[in-house]
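A.B. asks: Okay, here's the prediction I keep looking at, along with the sequence it came from:
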Amino acid sequence: MTEDEIIRFVAGLGDVDVMTASREGGAPEIAWGDSFFLYDPDGGARERGGFTPFATLVTKDYPGFDSDSRLDRPGVFRVNAAVGRELFEEVVGHSPAAHAGFRDGFDFTELDRALPHPAYAAQGWVSVLNPGERTSGRVRELLVRARERAAARYRPQA
């Protein structure tokens, strides 16, 4: 799957705002080019601020914070999804709460493999670098489930 294919897929799930960080949008320079997927049935998430994406597509390292995937390699990107405890455990084999004890057993640079998110595993996030033949179907499933979780948690703003 390419970055564009992922963006189109998630945008097509319905009630999703795809926010790609840019200078024009006022995002910090480090985030430019990264995409954030928000569940937004009323179209007001950006104006309200304080939104939390249910998935992201990241194209570069964030030095000092999130560089374990080595996204500085040419053409490497990572899709991330907030899937929650149950699906996280199914995908990676342990609970988010237990991740610290298993972290060293993962190669966060491996392409086309479902992995715990290197920085947000404890919050139930999973990731895949450059989804390909092995994981593209699973990535679609993870993104659908993350969007469903966001929809279930959504509370309209008064």
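C.D. replies: Yep, it's here. Residues are numbered from 1 along each chain as shown.

A.B. asks: Give me the packing partners of the helix or strand of the chain with the lowest mean pLDDT, helices and strands only.
C.D. replies: Between all helices and strands in the chain, the lowest mean by mean pLDDT, DSSP states H and E belongs to helix 45-48, at a mean of 77. If you count contacts as 3 or more Cβ pairs under 8 Å, 6 or more residues apart in numbering; DSSP states H and E, helix 45-48 packs onto strand 16-20, strand 35-39. Every residue, glycine included, has its C-beta placed from N, CA and C.

A.B. asks: Show me where this structure has its strands.
C.D. replies: Counting by DSSP state E, the chain has strands at residues 16-20, 35-39, 55-58, 78-82, 115-116, 125-129.

A.B. asks: which residues are contacting the last one?
C.D. replies: When contacts are defined by Cβ atoms under 8 Å, 6 or more residues apart in numbering, strand 125-129 is touched by residues 69, 71, 76-83, 87-88, 91-92, 109-118, 135, 138-139, 142.

A.B. asks: Kindly calculate the angle that it makes with strand 78-82.
C.D. replies: 160 degrees (axes from the mean of the first three to the mean of the last three Cα atoms, to 10 degrees).

A.B. asks: which of the residues in the least confident helix or strand of the chain are buried?
C.D. replies: residue 45 (16 or more other Cβ atoms under 10 Å).
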